[in-house]
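Chemist: Sequence and predicted model, in that order:
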Amino acid sequence: MAIADDLKKTLTDPTPLYFAAGTADLAVQQAKKVPELIEQLRAEAPARIEAVKNTDPKAVQEALTAKVAEVFGAIDPKKLGESAQDLALRGVGVAAEYAVRAKETYDKVAEHGEQAVRTWRGEFSEEIVDIAVAVEPEPETAADPAAGSEPVAEAADEEKPAAKKPTARRTSAKKAAVTADDAS
C-alpha cells in the first residue's frame, strides 16, 4: 500500500502546480523589464561597437597567447592525479549543496506561485461576479408560480448526482457461514 499512498500523495500535491504558477508569474515580472533593457542596450551599443572596432586584433591575440602559455606552464603532471581526486570529492560536495539549494529555490517559487494563484483567484472572482451580474437576467415577478416551479425542480434534480448505495458489509459470522457453504 505504500506505493498507492505515494501515488495518491503525488497526484494530490498542489506544489508542482504552484511551482509552475510561480515560474509563470516570475517570467511575467521579468518580461516587464525587457523594454528598459532594450533601451539601455540601444544607448550602450554604439560605444561598445566602437570599442570593438578600435581594438587591435594582434594585441588581443598576444594577450590570449600569453594567458594560455601561463596556464599550461603551471600544470604539473604529478599533481594532476591528486587534483583530479580532490576535484571529484569537491564535486560531490558541491552537487549535494546545489541539490539543497535547488529544493529551497523550488519551495520559494512554489510559495510565490501559491500567493500568485491566490491573487489571480481574487482578481478572477471579481471578474466572474461582474460577468455573472451582466449575464443573469433580472428576477421575474411571480405572475405564474406553477410554470416557474417546474423548471427549478427539474434543474435541482439534474444538478444532484445519484446517491450511491452503501454496500452491505459481511460480519464475521456471515463470512464463516458463506465459507462453510462454499466448502461443502
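Modeler: Done, it's in.
Chemist: Okay, helices next: where are they in the chain?
Modeler: Taking DSSP state H as the criterion, the chain carries its helices at 2-12, 15-31, 34-53, 57-73, 77-135, 145-159, 172-183.
Chemist: Output the below-cut-off pLDDT ranges for the chain.
Modeler: Along the chain, segments meeting pLDDT under 70 span 1, 124-184.
Chemist: ok, now with 50
Modeler: Within the chain, the segments meeting pLDDT under 50 span 142, 144-145, 147-150, 152-160, 163, 165, 168, 173, 176-181, 183-184.
Chemist: tell me the phi and psi of residue 55?
Modeler: Backbone torsions of residue 55, given as degrees, to the nearest 10, read phi -80, psi 130.
Chemist: Compute the number of surrounding residues for it.
Modeler: Number of residues near residue 55 (other CB atoms under 10 Å) recorded here: 10. (Glycine included, C-beta is placed from N, CA and C.)
Chemist: Could you do the one 3 residues further on as well?
Modeler: Number of residues near residue 58 (other CB under 10 Å) recorded here: 8.
Chemist: Please apply the same query to the one 4 residues further on.
Modeler: The local packing of residue 62 (other CB under 10 Å) involves 11 other residues.
Chemist: one step back: would you mind finding the most buried of the helices of the chain?
Modeler: helix 15-31 (a mean of 14; mean count of other CB atoms under 10 Å).
Chemist: Could I get the CA-only coordinates of that helix as CSV?
Modeler: Coordinates of each C-alpha in helix 15-31 appear next as CSV, following Å, rounded to 0.1, in the frame of the first residue of the first chain:
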residue,chain,number,x,y,z
THR,A,15,3.1,22.1,-5.1
PRO,A,16,4.2,21.4,-8.7
LEU,A,17,1.2,23.4,-9.9
TYR,A,18,2.1,26.3,-7.6
PHE,A,19,5.7,26.0,-8.8
ALA,A,20,4.5,26.3,-12.4
ALA,A,21,2.3,29.3,-11.5
GLY,A,22,5.2,30.9,-9.6
THR,A,23,7.5,30.4,-12.6
ALA,A,24,5.0,31.9,-14.9
ASP,A,25,4.5,34.9,-12.6
LEU,A,26,8.2,35.5,-12.3
ALA,A,27,8.6,35.2,-16.0
VAL,A,28,5.9,37.9,-16.5
GLN,A,29,7.7,40.1,-14.0
GLN,A,30,11.0,39.7,-15.8
ALA,A,31,9.3,40.3,-19.2
